[in-house]
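**Q** Predicted model follows, preceded by the sequence.
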Amino acid sequence: MAEVAPHTAELDEFLKVMIQSVKSACNSAVPHLNDDPALVEHAFKECEEMLNTVMDGQVEEWID
């Protein structure tokens, strides 16, 4: 049987919260595409930052 990697539950929870945050930011921004482009740009920038955090892969920082 395969051994479970350390901090699997913490990592799963972090990624779950991250995905929920990106989804929430996009859902909040999209209705304002035509009337508030600055708000949309800000929300998408936040999404980009969150996704870059995941892509950087610094797992130790996420679960401390």
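**A** Structure's in. What do you need? Numbering: from 1, shown residues only.

**Q** most centrally placed residue in the protein?
**A** Centrality entry for the chain: nearest residue to the mean C-alpha point is Met18, 3.1 Å, by CA atoms, centre = their mean.

**Q** my guess is that residue meets Thr53, correct?
**A** Yes - applying CB atoms under 8 Å, one finds Met18 in contact with Thr53, separated by 7.5 Å. C-beta coordinates here come from the backbone N, C-alpha and C atoms, glycine included.

**Q** where are the low-confidence patches of the protein?
**A** Filtered on pLDDT under 70, the chain yields the residue ranges 59, 62-64.

**Q** how about 80 then?
**A** The chain contains residues with pLDDT under 80 at 1-2, 4-7, 58-64.

**Q** quick revisit: need the contact list for the residue nearest to the centre of the chain.
**A** Met50, Thr53, Val54 (CB atoms under 8 Å, 6 or more residues apart in numbering).

**Q** now, which of these sits nearest Glu13?
**A** For these, the closest approach to Glu13 (CB to CB) belongs to Val54, at 13.5 Å.

**Q** So which elements touch whichever strand or helix holds the closest one?
**A** Taking DSSP states H and E as the definition, one finds Val54 inside helix 37-56. If contacts are counted by 3 or more CB pairs under 8 Å, 6 or more residues apart in numbering; DSSP states H and E, helix 37-56 sits against helix 8-29.
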